[in-house]
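Enquirer: take this sequence and fold it.
(chains A, B, C and D)
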Protein chains: 2
Amino acid sequence: MLPTEEKLDPRVKRTRALILQSFESLIAEKGFETISVQDVTDKAQVNRATFYAHFSDKYALLDYSISQKFMQEIEKRMLNTCHYTHDNLRNLILAVCDFLFHLHSDCAQPHQQFESLVEGTIKKQIFNLLSHWLEQTQPKVPTEIPATVATWAIYGLASLYSHSKKRPALDQFVDDALPLVAVNLEQFT
Amino acid sequence: MLPTEEKLDPRVKRTRALILQSFESLIAEKGFETISVQDVTDKAQVNRATFYAHFSDKYALLDYSISQKFMQEIEKRMLNTCHYTHDNLRNLILAVCDFLFHLHSDCAQPHQQFESLVEGTIKKQIFNLLSHWLEQTQPKVPTEIPATVATWAIYGLASLYSHSKKRPALDQFVDDALPLVAVNLEQFT
DNA sequence: TGTTCTAAGCAACAGATGTTGCATAGCTTA
DNA sequence: TAAGCTATGCAACATCTGTTGCTTAGAACA
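Expert: Next up, the predicted model:
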């Protein structure tokens, strides 16, 4: 993970922004698997060696890009500055469904490799968020197990939603999904 | 997916076996991410071009290897030739936990990319198995949603189990985990 | 056995990867 | 403004990738 500090050399900010921007537009255009680091740096007008000064490879770049976008989504909904409630959980599920849905429509031909990597990245953040929520309400109790189960359940449901052909209304879907997740968590709150 | 037919040219059988054998021993030795196709073919004493006649890249090889090993595990426990029962579900969870646990101890430095790919591969098989079970008992009802949720829950629990530092006894763990999964499925059976 | 079919070996290819040492541009601070 | 620091550019590298055209070995079958 890269430091997201404020005080960064403007050259660094500029380079990262150019790389990210180029990457995201290429993802939309050609899909992740067919992009080369060369492609990214060409489009970003940045030297290839410079790329490797920032990211170890294109997988690290994907991780960073997805992390960052998902974190923005969470912050936009102010889910990072709250605690566990039934309603906040509902909003979290909504956020994940929404995010995955838009990700899939924004990316050309998302194949298994791409989806697997995205999944790992996002699950980490969901898990951190849920752990934080649970630790706030129950500081003494171990949170690993319920947080893990809930994380997987949420991501699984969101993945199902974002892949389904005949996509039901999001609100309807979340109403159906919510109890399956809540039951595991509310034993601990 | 490669055809697993019986009637194959013995040269093909031999080549695939050599590649698989070499791959699996290299995985144990160096870990997946650092292996090159070159490494695999060198050790297997097979030409690199021949490799590409069988697998599109090393990710396809991983998928094939894991699929095959997991399928053997399922067949060994005769889970592929049965229907839904509480006890068969218990055995399935046990199989997945066991498989992941041994996979992690057999592979050098399993990083996120490796684990993500394995996850995708195994979840496909769990999903097929559960769908089959559910369709047998309830041919009329759509099975996609319960099968998906159960698949994710099972894999999530197995992943948690195989990563936990202080690993509880497997039987104990499965007893705790089983009801969380069963409750979703037994609404439909 | 001999003929046919096809898998495997081989060599070479263009392109991508990840890394290096060095030069230069640009940021920061005094 | 000048000095020092560091991110970027550049060129070259060894290596790996995925592919091709051709040759050779071995399986299948009449």
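Enquirer: quick one: residue A:7 from residue A:13, how far?
Expert: Residue A:7 sits 10 Å away from residue A:13, going by C-beta to C-beta, to the nearest Å. All C-beta atoms are positioned from the backbone trio N, CA, C, and that covers glycine.
Enquirer: what about those two, which has more around it?
Expert: It is residue A:13, of residue A:7 and residue A:13, that has more neighbours when counted by other C-beta atoms under 10 Å in any protein chain shown, with 11 against 5.
Enquirer: how about the helix or strand hosting the more buried one, which residues are buried there?
Expert: Secondary structure from DSSP states H and E places residue A:13 in helix A:10-30. Buried residues in helix A:10-30, counting neighbours by 16 or more other C-beta atoms under 10 Å in any protein chain shown, are found at A:15-16, A:18-20, A:22-24, A:26-27.
Enquirer: quick one, helices of chain A?
Expert: Read by DSSP state H, chain A holds these helices, from start to end of the chain: A:10-30, A:37-44, A:48-54, A:58-76, A:86-106, A:112-137, A:144-163, A:170-185.
Enquirer: what residues sit buried inside stretch A:82-94?
Expert: Buried residues in stretch A:82-94, counted by 16+ other C-beta under 10 Å: A:82, A:84, A:88-94.
Enquirer: stretch A:128-142 too?
Expert: Buried-residue list, stretch A:128-142, by 16+ other C-beta under 10 Å: A:129-131, A:133-135.
Enquirer: buried residues in the lowest-mean-pLDDT helix or strand in chain A?
Expert: Least confident helix or strand, chain A: helix A:170-185 with a mean of 88, by mean pLDDT, DSSP states H and E. Judged by neighbour count (16+ other C-beta under 10 Å), helix A:170-185 contains these buried residues: A:173-174, A:177-178, A:180-182, A:184-185.
Enquirer: cool, stretch A:69-76 as well?
Expert: Using 16+ other C-beta under 10 Å as the test for burial, stretch A:69-76 gives A:69-70, A:73-74.
Enquirer: coming back round to it: so which elements touch the least confident helix or strand of chain A?
Expert: helix A:86-106, helix A:144-163 (3 or more C-beta pairs under 8 Å, 6 or more residues apart in numbering or on different chains; DSSP states H and E).
Enquirer: can you list the ones you listed in a markdown table and add distance to residue A:119 and mean pLDDT?
Expert: A markdown table is the format used below for the helices and strands packed on helix A:170-185 (distance: least, C-beta to C-beta, whole Å; pLDDT from 0 to 100):
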| stretch | distance to residue A:119 | mean pLDDT |
| --- | --- | --- |
| helix A:86-106 | 9 | 96 |
| helix A:144-163 | 6 | 93 |
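Enquirer: so which of the ones you listed is the most packed in?
Expert: With neighbours taken as mean count of other C-beta atoms under 10 Å in any protein chain shown, the helices and strands packed on helix A:170-185 reach their highest mean count in helix A:144-163, at a mean of 22.
Enquirer: so can I have CSV of the helices and strands packed on helix A:170-185 showing distance to chain B?
Expert: As requested, those are arranged in CSV below (distance: least, C-beta to the nearest C-beta, whole Å):
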stretch, distance to chain B
helix A:86-106, 13
helix A:144-163, 3
